[in-house]
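**Student:** when you get a sec, could you give me coordinates for this:
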Amino acid sequence: MNYTTVGVDVAKNVFQLHWVDADTGEIVSKQIKRSGFLEHFANRAPCLIGMEACGGAQHWARRLISMGHLVKLMPAKFVKAFVIGNKNDAADARAIWAATQMQGKEVAVKTEAQQAVLALHRIRQQKVKFRTAQMNSLRGLLTEYGEVMNKSRSALDRAIPGVLGKLSERLPAMLIDSLRELWNELETLDQQIAAIEQRLQRWMKEDRACKAIAEIPGVGLLTATAAVATMGDPKSFKSGREFAAWLGLVPAQTGTGGKVRLLGISKRGDTYLRTLLIHGARSVLFRMKEPGAWLAQMKQRRPANVITVALANKIARTIWAVLAHNTPYQKNHVSVVPG
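**Tutor:** This next block holds a predicted model:
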């Protein structure tokens, strides 16, 4: 079946569409208000609809797929290469239309449940940042009065009662009360973060895929739930190597005249999941009692950070293999390349 390709520039209130009429060859650039967007596609034959993977794109992709259309979500960086001339809504829609017809790795369309899990991760990540900022603010304010404490949250909690008691003798009570409130808010943030982790734990217990990859060394609660929700359909990746490259855990390349030079990791893809995988790999390196022959050889010839990223790459490929092949994790499994 021949699908008409439509580029859609998603916005808050007004969407810009771009397509070429298959019968007349007419180039159509059209604005549609948010309220009439779904109605427009409900009255059309099935189309291949391209969109940037921006805010709200997952929602519209799910709705359009339910109507029988095909949807291709693309990273904004991929689409940017097709923008010609000045940047405006019409030019963006035309660029999306052109990019939709080119080969490139799509962004997976996620279910509402997967989106909900990722939303919990974002809320938790934000609260962790708030907590860190609160601690730094408290330390900075106390430094102004000559009180410097050791690093770490536990050192702060041990020192604060005595520090506030000492400062209360020479500073206004309104400041001491405000500093104590700032310190007490840290406990509130701790409780909120723990509550989110408990919700993720309950979801992981009910999800077969999360439980399967949680058996992999270096994969805990956060990594397991984030990996399943971010990946979407594991079979959308041809191999574990492609999944690891999608996460930016492979070297970037540069070269000319037939000479290719490998750089540091490309850092493409989801920064949050890549960070979790690297932290998990670092935990394995420091805590694993029997590292195995591969890690032992790597330690003899590579720096610690290089080994950490290489192990994170291996964990990512293992996650893909467990999910794509629907098999449990086996520590001593040996891959067999088809002949």
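
**Student:** what's the spacing between residue 118 and residue 307?
**Tutor:** 29 Å (Cβ to Cβ, to the nearest Å). Yep, even glycine has a C-beta here, placed from its N, CA and C like the rest.

**Student:** which residues touch residue 233?
**Tutor:** Neighbour list for residue 233: residue 108 [criterion: Cβ atoms under 8 Å, 6 or more residues apart in numbering].

**Student:** if I look at it, what pLDDT would I see?
**Tutor:** What the model reports for residue 233 is a pLDDT of 84.

**Student:** tell me how far it lies from residue 250.
**Tutor:** Residue 233 sits 21 Å away from residue 250, going by Cβ to Cβ.

**Student:** what packs against the worst-scoring helix or strand of the chain on mean pLDDT?
**Tutor:** Least confident helix or strand of the chain, by mean pLDDT, DSSP states H and E, is helix 293-301 with a mean of 82. With contacts defined as 3 or more Cβ pairs under 8 Å, 6 or more residues apart in numbering; DSSP states H and E, helix 293-301 has these neighbours: helix 304-324.

**Student:** which strands or helices does the helix it packs on pack on?
**Tutor:** Packed against helix 304-324 by the contact rule (3+ Cβ pairs under 8 Å, 6+ apart) you find helix 208-213, helix 221-231, helix 240-246, helix 271-287, helix 293-301.

**Student:** any regions of the stretch 201-339 of the chain where pLDDT drops low?
**Tutor:** Per-residue confidence of the stretch 201-339 of the chain (counting by pLDDT under 70) places the weak regions at 334-339.

**Student:** re earlier: what would the helices and strands packed on helix 304-324 look like in JSON lines with distance to residue 166 and mean neighbour count?
**Tutor:** Below are those laid out as JSON lines (distance: least, Cβ to Cβ, whole Å; neighbours: other Cβ atoms under 10 Å):
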{"stretch": "helix 208-213", "distance to residue 166": "49", "mean neighbour count": "18"}
{"stretch": "helix 221-231", "distance to residue 166": "39", "mean neighbour count": "23"}
{"stretch": "helix 240-246", "distance to residue 166": "53", "mean neighbour count": "21"}
{"stretch": "helix 271-287", "distance to residue 166": "37", "mean neighbour count": "18"}
{"stretch": "helix 293-301", "distance to residue 166": "48", "mean neighbour count": "12"}
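
**Student:** between these, which one is nearest to residue 156?
**Tutor:** helix 271-287 (22.4 Å; Cβ to Cβ).

**Student:** what's the local residue count around residue 61?
**Tutor:** 23 (other Cβ atoms under 10 Å).

**Student:** where's it, which helix or strand?
**Tutor:** helix 57-66 (DSSP states H and E).

**Student:** neighbours of residue 331, just the number please.
**Tutor:** 9.

**Student:** ok, back up a step: and the helix holding residue 61, what's its mean pLDDT?
**Tutor:** 94.

**Student:** identify each buried residue in that helix, please.
**Tutor:** By neighbour count on 16 or more other Cβ atoms under 10 Å, the buried set for helix 57-66 is 57-58, 60-61, 64.

**Student:** just those now: which is nearest residue 165?
**Tutor:** Among these, and counting by Cβ to Cβ, the member closest to residue 165 is residue 58, at 51.6 Å.

**Student:** and that closest one, what does it touch?
**Tutor:** 73, 109-110, 115.

**Student:** residue 200 too?
**Tutor:** If you count contacts by Cβ under 8 Å, 6+ apart, residue 200 has them with 117, 120-121, 221-222, 225.

**Student:** mind putting these into JSON lines with distance to residue 237?
**Tutor:** Compiled in JSON lines, the contacts of residue 200 are given as follows (distance: Cβ to Cβ, whole Å):
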{"residue": "117", "distance to residue 237": "19"}
{"residue": "120", "distance to residue 237": "24"}
{"residue": "121", "distance to residue 237": "21"}
{"residue": "221", "distance to residue 237": "23"}
{"residue": "222", "distance to residue 237": "21"}
{"residue": "225", "distance to residue 237": "19"}
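
**Student:** just the closest of these to residue 312, please.
**Tutor:** Using Cβ to Cβ, the contacts of residue 200 come closest to residue 312 at residue 222, 14.1 Å.

**Student:** ranges for the strands of the stretch 1-150 of the chain?
**Tutor:** 4-9, 14-20, 27-33, 47-52, 70-74 (DSSP state E, counting those that start in this stretch).

**Student:** now render these as CSV, adding mean pLDDT and mean neighbour count.
**Tutor:** Shown next, in CSV, are these (pLDDT from 0 to 100; neighbours: other Cβ atoms under 10 Å):
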stretch, mean pLDDT, mean neighbour count
strand 4-9, 93, 23
strand 14-20, 94, 20
strand 27-33, 92, 13
strand 47-52, 94, 24
strand 70-74, 93, 20
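
**Student:** appreciated, that's everything.
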